[in-house]
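1. Next one to model:
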Amino acid sequence: MFRRQTRGIDYLVVRREPAHDSFWSPLTSVMRPDESIYQAAVRGVGEHVGLDTPGQMVDLQLATRVQIGDLEEIDWSVGYRPREDAADLRLAPEVADVRWLDFDSVYQRLDQEDDRRSIMRLHFTLRGK
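-> Predicted structure coming up:
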């Protein structure tokens, strides 16, 4: 998720429960067979932080493939700007904490290279608009 501020763009990162075992990451959701990637993003944001009306969605055209035995997982990155005031988030029980941070702060906190690649793609896509 992202929001535009007068000083720039902030990005939302989450820490899952149990907080002491987790790391900061963007919001993620699993796509159901009957959903589009956009429907999955809207549902996931609603389930995790209580926002369900996007103001803007950005397809980052960034797929990451992971082979797990016979199963191939494909992760697809989508940027989501909420329409509502995102200050009043309703966190799901599995979400320990959330933070809105600028690009440099987010990038430093992300542990996964795929997450860093996604946030970088989103950041430079948004700066180009």
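
2. Scan this protein for its longest strand.
-> strand 54-68 (DSSP state E).

3. That one packs against which elements?
-> Applying 3 or more CB pairs under 8 Å, 6 or more residues apart in numbering; DSSP states H and E, one finds that strand 54-68 makes contact with helix 37-49, strand 71-82, helix 113-127. Where C-beta positions appear, they are placed from N, C-alpha and C, glycine not excepted.

4. okay, now Ile37: neighbour count?
-> Counted with other CB atoms under 10 Å, residues neighbouring Ile37 total 14.

5. pLDDT score for Glu113?
-> Note on Glu113: pLDDT of 91.

6. do the same with the one 5 residues further on
-> In this prediction, Ser118 carries a pLDDT score of 93.

7. So it versus Thr125, what's the distance?
-> Distance of Ser118 to Thr125, computed by CB to CB, to the nearest Å: 10 Å.

8. what touches both of the two?
-> Leu60 (CB atoms under 8 Å, 6 or more residues apart in numbering).

9. So if I had to pick from these two, which one is more boxed in?
-> For Ser118 versus Thr125, neighbours defined as other CB under 10 Å are more numerous around Ser118 (23 against 15).
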